[in-house]
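>>> Sequence plus predicted model, see below.
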Amino acid sequence: MNAGDTVFVLMSAAMVMLMTPGLALFYGGMVRNKNVLGTLMQSFVILGIITLQWVLWGYSISFGPDLGGFLGNLEWFGLKGVGMDPSPNYGSTIPHVAFMIFQCMFAIITPALITGAFAERMKFGSFLVFVILWATLVYDPLCHWVWAAGGWIGKMGALDFAGGTVVHISSGTSALAAAIIIGKRRGYGSIAYIPHNLPMTVTGAALLWFGWFGFNAGSALAANGLAASAFMVTHISSACAALSWMGMEWIHRKKPTTLGAVSGAVAGLVAITPASGFVGPLSAVIIGLFAGIICYGGIMLKSKLGYDDSLDVVGIHGLGGIWGALATGLFANTAINPNGADGLFFGNPVQLLVQFISVMVTMVFAFFVTWIILKFINMIMGLRITDEEEEKGLDLSLHNETGYSF
Amino acid sequence: MKKIEAIIKPFKLDDVKEGLSVLGIKGLTVSEVKGFGRQRGHKEIYRGAEYEVDFVPKIKLEIVVDDDQVESVVKIIQGKAQTGKIGDGKIFIISIEEAIRIRTGEKGQDAI
């Protein structure tokens, strides 16, 4: 056991925790003022509900003793046997509970990311049921496949340092399914959905950027050189993507926007996530620059395809995650992390294929299981609030309160 | 008594207020309003989605004065709020039947 590593992982867990309220602000600023609390609430309540799910069965399904590479068994139900001694598989120098609570924060933010796709129109009760089912049937199994000892995608050699597939591609593709099933907001195409408080969005993006150091560097599970390297490339990618998104916008729409710069920063953070423990600084520059360009392009495409992914979860987390996972197959370098692998540009083209398979599997799995979960909930309890409630706004019609009173 | 209602550009509010206090105006009411006239709206772009915003933010000033002050107040507002570009706003003059000070019950000119 190492005191430095333990402190580092616990602090990282606290930083990742802060990302979820940060995300709430990031999203909250982009909706209309009648929906601000309902939007903040969707992220915030996940802190409660997934913590409970994780403690009871989520952690055990994700990281518990392996069943055929596909699931953990329920031996660790209620954290039975998850103690203060290190686990042999997950961070050999830190208490097992430290690893567990660090991972808990990841399980929390991932479903919160999806909420952007159905912003301003989902029933609260149905939303809670969705979150529990999604965490249990999509997140926990995927997490097992990629990160748990014995998980089949991890065994195949796919590299995902901090959650490109598990967190971003899974939430991004689930968001696509959700946006399609729940349908467009009232007045789509005829009324303007102008963000009501962009300073709130910028504050949220700043908290995300800050927390992401815990997310990526913390995933080293030790206070060492690899953690420092992951910290550095995380920062570089975010910075470059903020610039490239802004630049694209400047060329394409004649004005650089604040929303564009912060969206780019988040896209850069998403893209570097799977690669952060495997790539060097110049690779991070390229990953970041392309993240801003690709995600900006994806968002332009959305209006052509006609689905209402309200806050662009598909464009940023889906596309950014796919780019990041594939880029890991291009730029990974064993000189940075000898426990990783070399990518295409370092003489190992097979890695790109492995990454591609992990991307496809994650997309197909997340999309279809989410589709089934939402169809099921829609059948038994409905997904959407009534037209009247939507008109009034989530804050008043679902929570009996308003964000701003005169 | 007359009420002078003026819709002006928000950034001209301070100039107008300065001008009016020199004139000895004792009170006025200001509200943030939105609307359109010949200026129409403007374009806003959020993540590539382009919206026409028809309603432009303006400031509405309301001042109640004696009949003999109307001309000088109007002159100040028109002089101070003018930029010469479209969207400078409008001034309306409305007759007031009665004014009452809530604290004392004074009426008419004494109340304003």
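Now that the structure is in, tell me what you want to look at.
>>> what's the spacing between the longest strand along chain B and its chain's center?
Of all the elements of type strand in chain B, the one with the most residues (DSSP state E) is strand B:56-65. For strand B:56-65, the distance from its own C-alpha centre to the chain's C-alpha centre is 2 Å (CA atoms, centre = their mean, to the nearest Å).
>>> in its sheet, what does that strand sit against?
strand B:2-8 (antiparallel), strand B:29-35 (antiparallel) (DSSP bridges).
>>> right, and the helix or strand after it?
Along the chain past strand B:56-65, the next helix or strand (assigned with DSSP states H and E) turns out to be helix B:70-81.
>>> Could I get the pLDDT score of residue A:406?
The confidence metric pLDDT takes the value 67 at residue A:406.
>>> rewinding a little: most tightly surrounded among the strands paired with strand B:56-65?
Scoring those by mean neighbour count under mean count of other CB atoms under 10 Å in any protein chain shown gives strand B:2-8 as the most buried, with a mean of 20. To be clear about C-beta, it is placed using only N, CA and C from the backbone, and glycine gets the same treatment.
>>> follow-up on the earlier one: mind putting the strands paired with strand B:56-65 into JSON lines with distance to residue B:94?
What follows is those, written out as JSON lines (distance: least, CB to CB, whole Å):
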{"stretch": "strand B:2-8", "distance to residue B:94": "5"}
{"stretch": "strand B:29-35", "distance to residue B:94": "14"}
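>>> Out of those strands, which is closest to residue B:20?
Evaluated with CB to CB, the strands paired with strand B:56-65 place strand B:2-8 nearest to residue B:20, the distance being 9.9 Å.
>>> Alpha carbons only: can I get that closest one in PDB?
Listed next in PDB are the C-alpha coordinates belonging to strand B:2-8 (Å, rounded to 0.1, in the frame of the first residue of the first chain):
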ATOM      1  CA  LYS B   2     -48.400  64.300 -18.700                       C
ATOM      2  CA  LYS B   3     -46.600  61.000 -18.700                       C
ATOM      3  CA  ILE B   4     -43.700  60.900 -21.100                       C
ATOM      4  CA  GLU B   5     -42.900  57.400 -22.200                       C
ATOM      5  CA  ALA B   6     -39.700  56.900 -24.100                       C
ATOM      6  CA  ILE B   7     -38.300  53.700 -25.600                       C
ATOM      7  CA  ILE B   8     -34.500  54.200 -26.000                       C
END
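>>> what does chain B have sitting close to chain A?
Within chain B, the positions near chain A by CB under 8 Å from any CB of the partner chain are B:44, B:45, B:46, B:47, B:48, B:49, B:51, B:52, B:53.
>>> Any chance of these in TSV with secondary structure and neighbour count as columns?
As requested, the residues of chain B next to chain A are arranged in TSV below (DSSP: H, G, I helix; E, B strand; the rest coil; neighbours: other CB atoms under 10 Å in any protein chain shown):
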residue	secondary structure	neighbour count
B:44	strand	14
B:45	strand	16
B:46	strand	17
B:47	coil	22
B:48	coil	21
B:49	strand	14
B:51	strand	15
B:52	strand	10
B:53	strand	15
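>>> Check those residues against chain A and report the nearest one.
Nearest to chain A among the residues of chain B next to chain A, counting by CB to the nearest CB, is residue B:51 at 3.9 Å.
>>> so that closest one sits right up against residue B:42, yeah?
No: the pair formed by residue B:51 and residue B:42 falls short of the contact definition of CB atoms under 8 Å, at 9.6 Å.
>>> What's the local residue count around residue B:78?
Residues contacting residue B:78 under the criterion other CB atoms under 10 Å in any protein chain shown number 15.
>>> pretty sure it contacts residue B:90?
No: with contacts counted by CB under 8 Å, residue B:78 stays clear of residue B:90, the gap being 10.1 Å.
>>> Quick check: the residue of the stretch 51-200 of chain A nearest chain B.
In the stretch 51-200 of chain A, the residue found nearest to chain B is residue A:192; the distance is 3.9 Å by CB to the nearest CB.
>>> what secondary structure does that residue sit in?
State at residue A:192, reduced to three classes by DSSP: H, G, I helix; E, B strand; the rest coil: coil.
>>> and it, what does it touch?
Taking CB atoms under 8 Å, 6 or more residues apart in numbering or on different chains as the criterion, residue A:192 is in contact with B:44, B:51, B:52, B:53.
>>> Quick check: residues of the stretch 51-200 of chain A near chain B?
On the criterion CB under 8 Å from any CB, chain B has as its neighbours in the stretch 51-200 of chain A the residues A:192, A:193, A:194, A:195.
>>> Give me the spatial nearest neighbour of the second one, chain neighbours excluded.
It stands for residue A:193. In space, not counting the residues next to it along the chain, residue A:193 is nearest to residue A:32; the distance is 6.5 Å by CB to CB, 6 or more residues apart in numbering or on different chains.
>>> quick one: secondary structure of residue B:93?
Under three-state DSSP, the three-state class of residue B:93 is strand.
>>> do you know how far it is from chain A?
29 Å (CB to the nearest CB, to the nearest Å).
>>> Could you tell me the model confidence score at the closest residue to chain B within the stretch 1-150 of chain A?
Residue nearest to chain B within the stretch 1-150 of chain A: residue A:30 (7.9 Å; CB to the nearest CB). In this prediction, residue A:30 carries a pLDDT score of 98.
>>> so where does it fall, helix or strand?
When elements are assigned from DSSP H and E, residue A:30 belongs to no helix and no strand.
>>> right, and it touches residue A:195 too?
Yes: with contact taken as CB under 8 Å, residue A:30 and residue A:195 are classed as touching, separated by 4.4 Å.
>>> For residue A:253, what are phi and psi?
Backbone torsions of residue A:253, given as degrees, to the nearest 10, read phi -120, psi 10.
>>> Near it, how many other residues are there?
Counted with other CB under 10 Å, the burial measure for residue A:253 works out to 15 neighbours.
>>> Which residues are in contact with the nearest residue to it once chain neighbours are set aside?
The spatially closest residue to residue A:253, leaving aside those adjacent along the chain, is residue B:45, at 5.5 Å (CB to CB, 6+ apart). For residue B:45, the contacting residues are A:253, A:255, A:257, B:51, by CB under 8 Å, 6+ apart.
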